[in-house]
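A.B. asks: no letters, just coordinates:
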């Protein structure tokens, strides 16, 4: 799939955030060095191998977030390394990162991920649970037992990240998109308030974004999607404003927040690819006309990420390492040999159900 045409030059996010490029690069180098150290001292025969994978993935994620602010190309590369480690640990945040940063690398996984998502509770989403009353079935007619529930997707945040990934990879109007819309529209998480991400956004916000991506109505869905992104960017600006109050941690790149918030950046990139750069840019400028400069940081980074042409797996990477990196850092781990989320086999004949009402506005919480 070809990348969107490049837009006008973007402002430097460091100016809006009042951060020093050298300090940001130092923070990125530190987290990457720690990730390498963890992997160098990890043996997959040890009991704590999965915990080490997650720890290294988290460090690569932090390194990539910081690097996005000064070098988006290398930042994406670090984040894709994090995503591959998360895939190996079977955590759906890896699927979200892949689908938002390099969708062509995982497009062939879309069907398997969708089948897994639609069988979240151990059976197809539209199949009722088997009754447990003794004698409910004549002899020989009892249906086969349902599959075991998916322990990973029992966690709403994991399920949400996989839904976003599937929605971003699915062609609107396709049978798969219709199935996913029916699943999402009937889920209790569509109205859920479980906090998600570094800003503790109610999970229903992201289910709404997924429904917008899956909608066959381009214009109304794009407006709804852009409106939600605008509210997320306002929440981001409030979070950063509070973090800046502690000047010691902020100006030393040690504030306890995600300065490059990947939930916002990733969903912006997904929206640009789904609805088109010009449409999304126009809607965001209309909705975000009064946004402070800080609120524009994740919107601009998301657009920039969507503009990057990430090569498929096995092809040359995004580019050389910048010369200021430490000389003793070797090549980033190759993500092509790391496994992705397991394929939960199941029937492809999952029929969609009628969707409920979908009228909603940007939602960041409340009763």
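C.D. replies: Structure's in. What do you need? Here the structure is a predicted model, which means the values were calculated and not measured.

A.B. asks: need the helices for the chain, in chain order.
C.D. replies: In chain order, the chain shows helices spanning 13-17, 21-40, 49-68, 72-88, 93-101, 110-118, 156-169, 175-186, 203-214, 218-244, 247-250, 262-275, 277-287, 293-307, with DSSP state H as the criterion.

A.B. asks: nearest to residue 195, of the ones you listed?
C.D. replies: helix 203-214 (7.5 Å; CB to CB). Backbone N, C-alpha and C define where each C-beta goes, glycine included.

A.B. asks: what's the angle from the closest one to helix 262-275?
C.D. replies: Angular relation of helix 203-214 and helix 262-275 on a 0 to 180 degree scale: 20 degrees, by axes from the mean of the first three to the mean of the last three CA atoms, to 10 degrees.

A.B. asks: just want the angle from helix 203-214 to helix 156-169.
C.D. replies: Computed by the same axes, to 10 degrees, the angle between helix 203-214 and helix 156-169 is 20 degrees.

A.B. asks: what is helix 203-214 packed up against?
C.D. replies: helix 156-169, helix 175-186, strand 195-196, helix 218-244, helix 262-275 (3 or more CB pairs under 8 Å, 6 or more residues apart in numbering; DSSP states H and E).

A.B. asks: can you add mean neighbour count, distance to residue 103 and mean pLDDT and give the ones you listed back as CSV?
C.D. replies: Listed next are these as CSV, based on neighbours: other CB atoms under 10 Å; distance: least, CB to CB, whole Å; pLDDT from 0 to 100:
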stretch, mean neighbour count, distance to residue 103, mean pLDDT
helix 156-169, 25, 6, 96
helix 175-186, 21, 15, 93
strand 195-196, 16, 21, 94
helix 218-244, 20, 16, 95
helix 262-275, 26, 7, 96
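
A.B. asks: wait, which of the ones you listed is closest to residue 24?
C.D. replies: That would be helix 218-244 among those, by CB to CB, at 14.1 Å.

A.B. asks: show me what the closest one is packed against.
C.D. replies: Checking 3+ CB pairs under 8 Å, 6+ apart, helix 218-244 ends up next to helix 203-214, helix 247-250, helix 262-275, helix 277-287, helix 293-307.

A.B. asks: reformat those helices as JSON lines; add distance to residue 165.
C.D. replies: As requested, the helices and strands packed on helix 218-244 are arranged in JSON lines below (distance: least, CB to CB, whole Å):
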{"stretch": "helix 203-214", "distance to residue 165": "9"}
{"stretch": "helix 247-250", "distance to residue 165": "32"}
{"stretch": "helix 262-275", "distance to residue 165": "9"}
{"stretch": "helix 277-287", "distance to residue 165": "19"}
{"stretch": "helix 293-307", "distance to residue 165": "15"}
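
A.B. asks: and those, which one's lowest on average pLDDT?
C.D. replies: Least confidently modelled of those is helix 277-287, at a mean of 85 by mean pLDDT.
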